[in-house]
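A.B. asks: next input, structure requested:
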Amino acid sequence: MAEARNEYLFALTAANAHLDLYYQSHLPDIMKVLDGDLYERLRDYLSLINKTELSTCRSTQERFRDSLEASLQVSRQQNLQLFLKDSSVFSPNPIQQFQPAGADKIQKLVTLIKASDEMNVLDKEARRWTSRSARDYKLKTHGERVLQRLEDRRKNASEEEVISIIQKMEEVKESVRKAEVSKVKADARVELLRQVGVDVDTWLSGAMTQADEELEQERRLSEARMSNGEMSPTMEDFDFSEFEDMDDGGEIFEESPLSLSGNRSYPTPCHVLYNYKASQADELTITQGERLEVMEDGDVEEWVKARNKNGQVGYVPEKYITYINQRVAESLSAGHIVGLSGAQCFSGILELERSDATVSLARALYDYEGQSEEELTFPEGAIIQIVRREEGGIDDGFWKGEFNGRVGVFPSLVVEELTGDDPNSSQELPSPAPPPFSPPMLSPPSNQRLSANDADPRQNGSGSAHSSPDFAATRLRPMRAAPPPPTKGTESTSSDP
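C.D. replies: Predicted coordinates:
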């Protein structure tokens, strides 16, 4: 009940903020566009007529002088005020009030702690919406810069190119508007969290600082490109396709469990579930079955920074990996993993692989919703580490396993075992190719933060094979979701000879 109320309050606050923005900003702008320069032209025409009459009709001078004074008072603002006074339909609606369900008397956010991750739900919301606010601020600012550059280019463009530039400018304006609306709604949610005592300023300060840094780096990069003689950027430089799915309607009630890993200690070992080929210089190519070390928590969109056995560092989709049982990892000496780097750091993971050689894994054939607190909940395709198959020597049809850091039981009929004593088990796991997608593009400072030892990602093989920098690779990173793991249909396709 409390969780539903919280979601209702978030949606209500966002709707009120959107309505306020609509009536304070968007509606006046729309009306101004509809009116155009009508009133300015009307004022000019009337003034001209009256001046002409004054010069040609001396006998009616006084009458037209009064008419001239009245004509000069014509203005859009005055007419707008009169119009709004007579037409109440365009007046701002009252703030939408909270409507409790049944006998519920609580009308504010309530602190909740989910047993699955033991993390304050409101703290997660604070992190989520401050990140969204900073992202929207960054996209809005970047969009305004792109508009200015498009306007500068339009002045010197040919007639054929002007049409495409104007069309692109309209697309960017719409994208900026979406970012503005999204930011207003996110800020309203953040303010609601602040009112109940959640420390949102810490999250907001960090997110805004990072956004400002990336914007500054993008500005310097643009200036460097201009100084190198690239005075006429191509139309591809102004791509704003990351705005196409800006609507947050589906994100309010949905959040992937893989992204809620803030309470996990790093670095931590993980197991690769699917092949992934890096497409950018800051990404890492991974192979199914490979062991990695996750170095940093992923952002809201489920990208994490990982290191492989060779010491190569880069970003990988979090849904393409599964975290190894923390109890197994903690059984090793802390010196094997924590506080070391390079080969020393991965000696611990190599030892973990040897000590964990008998660990069995299972893949979910169907989605399963746990019927009690003791049962696991997992989606189709999830990789589960099997802890125990039998209880007291009796197989009751339920196995005990671990998924996403949580231990519980699940029906053995809904999974297929992946590892075990069968030497051919590896042949049952074709490497499904990931579906086509556009990976995130990190800004130059993000590339530099990957690792102090990886000055050039092309030298260690963790990135793509681009030999010269391009604008797309150095743009601000779009804050969008990581690619989903391959579906069951994709796997069967990839396994066909």
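A.B. asks: pLDDT weak spots in the stretch 301-450 of the chain?
C.D. replies: 301-302, 325-359, 391-395, 419-450 (pLDDT under 70).
A.B. asks: quick check, Val409 in a helix?
C.D. replies: No. With DSSP: H, G, I helix; E, B strand; the rest coil as the criterion, Val409 is located in strand rather than a helix.
A.B. asks: kindly state the beta-bridge partners for it.
C.D. replies: When bridges are taken as DSSP bridges, the partners of Val409 come out as Glu375, Lys400.
A.B. asks: check the gap between it and His271 for me.
C.D. replies: 21 Å (CB to CB, to the nearest Å). In short, each C-beta sits where N, CA and C put it, glycine included.
A.B. asks: same deal with Glu283?
C.D. replies: Note on Glu283: its distance to His271, by CB to CB, is 19 Å.
A.B. asks: more crowded one of the two?
C.D. replies: Under the neighbour definition other CB atoms under 10 Å, Glu283 and His271 were set side by side, and Glu283 has more, 24 against 20.
A.B. asks: after the helix or strand hosting Val181, which helix or strand is next?
C.D. replies: Secondary structure from DSSP states H and E places Val181 in helix 159-195. Past helix 159-195, heading to the C-terminal end, the next element that is a helix or strand (DSSP H and E) is helix 200-227.
A.B. asks: buried stuff in that next one?
C.D. replies: Of the residues in helix 200-227, those with enough neighbours to count as buried (16 or more other CB atoms under 10 Å) are 200, 203-204, 207, 210-211, 214-215, 217-218, 221-222, 225.
A.B. asks: got the angle for it vs helix 159-195?
C.D. replies: Interaxial angle of helix 200-227 relative to helix 159-195 (axes from the mean of the first three to the mean of the last three CA atoms, to 10 degrees): 160 degrees.
A.B. asks: quick one: average pLDDT of helix 200-227?
C.D. replies: With pLDDT averaged residue by residue, helix 200-227 scores 83.
A.B. asks: got the domain ranges for the protein?
C.D. replies: For the chain, whose domains are defined here by automatic domain parsing, the residue ranges read 1-105, 111-234, 261-356+432-495, 360-418.
A.B. asks: if we can go back for a sec, for the helix holding Val181, name the packing helices and strands.
C.D. replies: Of the remaining helices and strands, those touching helix 159-195 by 3 or more CB pairs under 8 Å, 6 or more residues apart in numbering; DSSP states H and E are helix 2-21, helix 121-156, helix 200-227.
A.B. asks: relative to helix 121-156, how tilted is the last one?
C.D. replies: Right, helix 200-227. If you take the same axes, to 10 degrees, helix 200-227 sits at 20 degrees to helix 121-156.
A.B. asks: next SSE after helix 200-227?
C.D. replies: As assigned by DSSP H and E, the chain's next helix or strand after helix 200-227 is strand 268-272.
A.B. asks: elements contacting that next one?
C.D. replies: Using 3+ CB pairs under 8 Å, 6+ apart, strand 268-272 sits against strand 291-296, strand 321-323, helix 326-330, helix 342-355.
A.B. asks: again, only this time at 7 Å
C.D. replies: With contacts defined as 3 or more CB pairs under 7 Å, 6 or more residues apart in numbering; DSSP states H and E, the packing partners of strand 268-272 are strand 291-296, strand 321-323.
A.B. asks: now what about it, what contacts it?
C.D. replies: Contact partners of strand 268-272, identified using CB atoms under 7 Å, 6 or more residues apart in numbering, comprise 286-294, 320-324, 329, 349, 352.
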